[in-house]
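Visitor: generate coordinates for the sequence data below:
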Amino acid sequence: MNLQAGPLCTRASLAAELRGLGLRPGETLLVHSSLSSLGWVCGGAATVVTALLDVLGDAGTLVVPTHSGDNSDPAQWANPPVPEAWWADIRATMPPFDARTTPTRGMGAVPEAVRTWPGAVRSGHPQTSFAALGPRAATLTDGHAPDCRLGERSPLARLEEAGARILLLGAGFDSCTAFHLAEYRVPGPLEDNSFALLTTQGRRWTTVRDTPVSSDDFEDLGAAFQKDRPVVRGRVGGAEARLFDLAEAVAYAEGWLAAHRP
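Guide: Numbering: from 1, shown residues only. Next up, the predicted model:
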């Protein structure tokens with residue numbers, strides 16, 4: 001058997017280290033994670049979810065990104081691209097987003113575990129949904145507009161209102177979706193965004209106008225943020241962990257993006 005290098009992580013050890021980092025019972029927490037960075041987790045992604053829920057308790061709410069970016073215009077695909085001759089057929093046959101069954105893409109094992117967890121609630125955007133567990137789950141995920149991937153009518157704005165914190169668990173600042181909320185608050189042009197969704201008339205390929213989003217400079221933004229603002233740093237298993245206030249991160253990003261992007 002080819003075992004991944006340690007350390008060995010269990011439900012109890014992860015919960016203890018998360019508490020040591022500063023997670024509090026009853027809080028609302030947005031988590032970006034890398035399961036492989038933790039070490040050898042006994043029970044895999046489900047153990048990580050259970051440990052997080054243990055720490056947050058019955059009054060806490062866990063939120064993760066459950067994005068499905070493959071539901072998009074194939075003309076924009078680059079990793080990998082597909083032949084232009086296929087584009088029309090892909091647009092005609094792309095399965096529509098279904099919050100109950102559409103899998104995540106590129107988010108990792110922990111968000112997929114949350115998505116399928118009993119009682120999970122998922123927002124309705126075809127590309128940038130979030131899933132949540134806990135008493136605030138429905139409120140945080142409700143009303144995610146098709147023409148607002150990560151802006152004021154997305155769960156990110158509801159998380160800001162709720163006083164949520166962000167946990168980067170083995171993930172870099174390039175994964176910090178809250179920075180995208182700041183992009184919506186820096187004036188700029190809109191772009192077309194296309195996807196397949198379910199309507200009362202059935203499946204439909206739809207194009208909306210939305211704010212462009214990019215995480216290409218988020219590592220630089222995050223480095224500046226943790227230098228200038230309070231960010232709790234520690235280890236959970238073998239992973240570097242960062243814990244910080246979501247609203248503070250968004251406010252900092254607004255100023256940074258305005259100063260550093262054309």
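
Visitor: can you give me the neighbour number for the nearest residue to Glu152 once chain neighbours are set aside?
Guide: Nearest residue to Glu152 in three dimensions, chain neighbours excluded: Tyr184, at 6.3 Å (Cβ to Cβ, 6 or more residues apart in numbering). C-beta here means a position set from N, CA and C on the backbone, and glycine is covered the same way. By the measure other Cβ atoms under 10 Å, the count of residues near Tyr184 is 23.

Visitor: just checking, Gly234 touches Leu23?
Guide: No. In this structure, Gly234 is not within contact of Leu23 by Cβ atoms under 8 Å, at 10.6 Å.

Visitor: Leu133 and Thr61 touch, don't they?
Guide: Yes. Shown here, Leu133 and Thr61 form a contact pair, counting by Cβ under 8 Å, at 6.8 Å.

Visitor: and Asn2, what's its pLDDT?
Guide: pLDDT, Asn2: 40.

Visitor: ok, Asp174 to Cys42 distance?
Guide: With distances defined as Cβ to Cβ, to the nearest Å, the gap from Asp174 to Cys42 amounts to 29 Å.

Visitor: okay, those two: which has more neighbours?
Guide: Remark: of Asp174 and Cys42, Asp174 carries more neighbours, 16 against 13, as counted by other Cβ under 10 Å.

Visitor: the stretch 151-262 of the chain: helices as residue ranges?
Guide: Counting by DSSP state H, counting those that start in this stretch, the stretch 151-262 of the chain forms helices over residues 155-161, 178-183, 218-228, 246-260, given from the N-terminal end onward.

Visitor: got the contact list for the closest residue to Leu156 other than its chain neighbours?
Guide: Counting by Cβ to Cβ, 6+ apart, Leu156 lies nearest to Leu181, which is 4.4 Å off, once chain neighbours are set aside. Leu181 makes contact with 150-152, 154, 156-157, 160, 250, 253, according to Cβ atoms under 8 Å, 6 or more residues apart in numbering.

Visitor: closest to Phe225 among the residues you listed?
Guide: Ala253 (7.2 Å; Cβ to Cβ).
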